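Participant: predicted model and sequence follow; I will ask about them next.
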Amino acid sequence: MKVSVLQENLAKGVSIVGRAVPTRPTMQVLGNILLETEEGRLKLAATNLEMGITAWIGAKIEEDGAITIPARTFIDLVNQLSPERVDLTLDVRNQMLKVHCGATNSNIKGIDANEFPLIPQAGEDPGIAVPGSVLREMISQTVFSAASDDNRPILTGVYTKISGDTLVMAAADGYRLSVRTTPLEVGTPRPIELIIPARTLTELGRTISDEDEEVLISIPQGRNQVIFYLKNVDVASTLLDGKFPDYNTIIPRSFSTSTVAYTADLLRACKRADIFARDANNNAKVIVTPADNPSAPGIVRLSATSLERGDADAIVDATVNGDSQEISFNVRYLIDVLSVIREEQVVLQSNGPTAPGVVRPVGRDDFTHVIMPMSVGR
Amino acid sequence: MERGLSLPAGEEGLQGGVFPPSSASITMHARTSAQLPNWGIAGHEWAVQHLQASLSHGRGRHAYLFAGPAGIGKTTLARAFAARLLCEAPVEADRPCGRCRACQKAAAASHPDITQIEAEEVGGVLKIEQVRDLIHTVALRPYEGRYRVGILRRFHEARPQAADALLKTLEEPPPYVVLLLTTENVNRLPRTILSRCQTLTLRPIPGARISAALVERWGADKEQAALLARLSGGRMGWAVRALTDPETLTFRDLVLDDLARLLGEGRVGRFQRAETMAAPSRKDDLRETLILWQSFWRDAVLILTSSPVAPVNADRRSLLTQLTREITLEQAQAALLATRRAIQDLRENVNMRLALEVMFLDYPGLSG
């Protein structure tokens, strides 16, 4: 292998695929990045067997070849090189990669590329197109609701369903649920259901850049994987197996109280309450009071108390329809959901202190978040 | 879209049982099998046949426990079983073929669908984090094969919490998962684990099989192979280790010489020895030492009872003869029992210096 690339391209490429390198590799070769020439470009790839990221960068290829190189060493080295041409030359006999850039010469010991696990490749399936910015937002609005422990492995994934011309993503951890939908320009005749690990989607969300106008979602033959095609980057993920709980039944359909408030105001109030709620299992009381007379606004009060450190009480103006309510929520959950809503106003809907509450952006019906209240022993 | 997208998995194949029904092609192809004879393992034919038969009748289990002494071939069997499941040979009767990509990766322990966990060192602890990582991994669909195989070595070293964490997965793993546990001692596993696995207890491999395998596969010379086979006590893994790592045999020589010297010494000398042997850094050595001494005392008992069974340490006949002339059967039996108890004590973490002192008191004395 003998190729020349630009340092900035290489640095960008390795930083993207580096996200898939496991911190504790179960096999030595997984700690490596694959470098392979492919149709006039240099392919970089890494995998932790759960997620694989492949990136292609423009290169001048004099001789084809492939090698895997320890990721940490290579990334550190590439980041320190001066921004000019980098020549990579592989000595096949001893599997050493010579890295030449300006006045710097380095040799890195590699492992045979054949030992690297196959990363799923494009099949004939053309894939389903989703605008990059939409997918990125969908991911950010769902992944935080997925479970972080493995007690129920299925909940560590994001349920993804493509049926007709709608894409649905949903995640739940037993205390909260996020459901986000988007229409597709070109749908699929047969419905597809996937459960994609949230970890992968988090990385995918970071990888999607503004240049990615369109992301293709593809399920190759074998059906155990899903691949997202970005511009010059592929992210492949192994799927979780099992049946995702039927979340539709837990979304309440009617409410005794609906409260509309400004997102930013409510978020700030939550963050203030959070400072004191930390000592009390993140418990914050949300007290909703309708207006006394038509000219005055309704009120949302957020209060949190720390036995050792004191308390906070924040009041936000709101439009309240229905009864007054007093509900305890995990304030971190409120912060999580309010942080991913870009609309100016949100609506908080509830049915009393023991029923699930719903948070939605005002003016659109494609995002729903359900939070279970905390039960407070009295 | 012309081709359309495929339905999610679970609609086909794996649903009926853990294993897909054996393909009809077995009966149709009347040709010699390309399968590796006995899955490429020396010995344990009955276990291989049992597993092979249950697979080809579609009755494979999702969890097996391979039990038997260290080095007998439990992990080897587990890896071969994994290769059998993951082999890419088109005809099922040919699996494992030993030649395809999957078989070679399995042999090189680099197959992405085989996950192996074990305590960091022999006698250490299998941590709950390792078990949790495994549970997370097997919740994912297979990476490139049809199955995900989890190998949990020396599961008796798992902390109770780690064993408990595994229960749910062990009981109801996803349909493509096969979990293979190994243990040296079934009695040290919780009943909740045992009841969720099918247990296969591996028996010692006949000495002749071991020496033949050592000659054929590892290129040992006949004489050396015969000695190792006898010493191995039917443990293929031990024999291979002794062959490839000459230190194993050197260590044995040292240990047996040591025993001869000790028997000539009085109480003071023995107690000094107990103190150096009990150093915590030498725990592994100590276990091996006691096991070797145990085999030696067993030989003494065999000779004193004029048993037809050949002594294991036949190359140490002069010491054995001298010993059996000077001590009685009762003394030899007492020493054998004392050694066994010390091995037990070591496992149960008692104060090893005291345990060794007690053992040495039960050892007979030898004149010069």
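Facilitator: All right, it came through fine. Numbering: from 1, shown residues only, chains lettered A, B, ... in the order given.
Participant: and the residue of the stretch 51-200 of chain B closest to chain A?
Facilitator: B:A139 (3.2 Å; Cβ to the nearest Cβ). C-beta coordinates here come from the backbone N, C-alpha and C atoms, glycine included.
Participant: any idea how far that residue lies from B:S318?
Facilitator: From B:A139 over to B:S318 the distance is 60 Å, taken as Cβ to Cβ, to the nearest Å.
Participant: out of those two, which sits in the more crowded spot?
Facilitator: B:A139 (26 against 9; other Cβ atoms under 10 Å in any protein chain shown).
Participant: report the mean confidence score over stretch A:246-254.
Facilitator: Taken as a whole, stretch A:246-254 has an average pLDDT of 92.
Participant: do that stretch and chain B meet?
Facilitator: No: using Cβ under 8 Å from any Cβ of the partner chain, we find that stretch A:246-254 stays clear of chain B, coming within 15.6 Å at best.
Participant: contacts for that stretch?
Facilitator: Surrounding stretch A:246-254, the residues in contact under the criterion Cβ atoms under 8 Å, 6 or more residues apart in numbering or on different chains are A:Y159, A:A170, A:A172, A:L177, A:V179, A:Q349, A:N351, A:A355, A:P356, A:V358, A:T368, A:V370.
Participant: now with 6 Å, please.
Facilitator: For stretch A:246-254, the surrounding residues in contact (Cβ atoms under 6 Å, 6 or more residues apart in numbering or on different chains) are A:A170, A:A172, A:L177, A:P356, A:V370.
Participant: closest point of the stretch 51-200 of chain A to chain B, which residue?
Facilitator: Closest point on the stretch 51-200 of chain A to chain B, by Cβ to the nearest Cβ, is A:P153, at 3.2 Å.
Participant: next one: the stretch 201-350 of chain A
Facilitator: Scanning the stretch 201-350 of chain A for the residue nearest chain B gives A:N224, at 3.8 Å (criterion: Cβ to the nearest Cβ).
Participant: burial check on the closest residue to that residue other than its chain neighbours, number of neighbours?
Facilitator: Distances taken as Cβ to Cβ, 6 or more residues apart in numbering or on different chains put B:R141 closest to A:N224, at 3.8 Å, once the chain neighbours are dropped. Neighbours of B:R141 under the rule other Cβ under 10 Å: 23.
Participant: out of the contacts of stretch A:246-254, which are buried?
Facilitator: The neighbour count (16 or more other Cβ atoms under 10 Å in any protein chain shown) marks A:A170, A:A172, A:L177, A:P356, A:V370 as buried among those.
Participant: shouldn't the last one be in contact with A:Y175?
Facilitator: No: under the criterion of Cβ atoms under 6 Å, A:V370 lies out of contact with A:Y175, with a separation of 9.4 Å.
Participant: what's the single longest helix in chain A?
Facilitator: Across chain A, the longest stretch assigned as helix under DSSP state H is helix A:263-277.
Participant: who does whichever helix or strand comes after that helix pair up with?
Facilitator: Counting by DSSP states H and E, the next helix or strand C-terminal to helix A:263-277 is strand A:283-289. When pairing is defined by DSSP bridges, strand A:283-289 lines up against strand A:298-306 (antiparallel), strand A:325-330 (antiparallel).
Participant: residue 196 in helix, strand or coil?
Facilitator: As the question left the chain open, I've gone with chain A. Recorded secondary structure, A:I196: strand (DSSP: H, G, I helix; E, B strand; the rest coil).
Participant: that answer is for a different chain, and I need it for chain B
Facilitator: With three-state DSSP as the basis, the three-state label of B:R196 is coil.
Participant: ok, it - contacts?
Facilitator: Contacts for B:R196 were tallied using Cβ under 6 Å, 6+ apart; they are B:A63, B:L170, B:E171.
Participant: can you count the residues close to the residue in the stretch 201-350 of chain B that chain A sits nearest to?
Facilitator: In the stretch 201-350 of chain B, the residue that lies nearest chain A is B:T244 (21.1 Å; Cβ to the nearest Cβ). Neighbourhood size, B:T244 [other Cβ under 10 Å]: 10.
Participant: ok, B:L86 to A:S163 distance?
Facilitator: In terms of Cβ to Cβ, B:L86 sits 33 Å off from A:S163.
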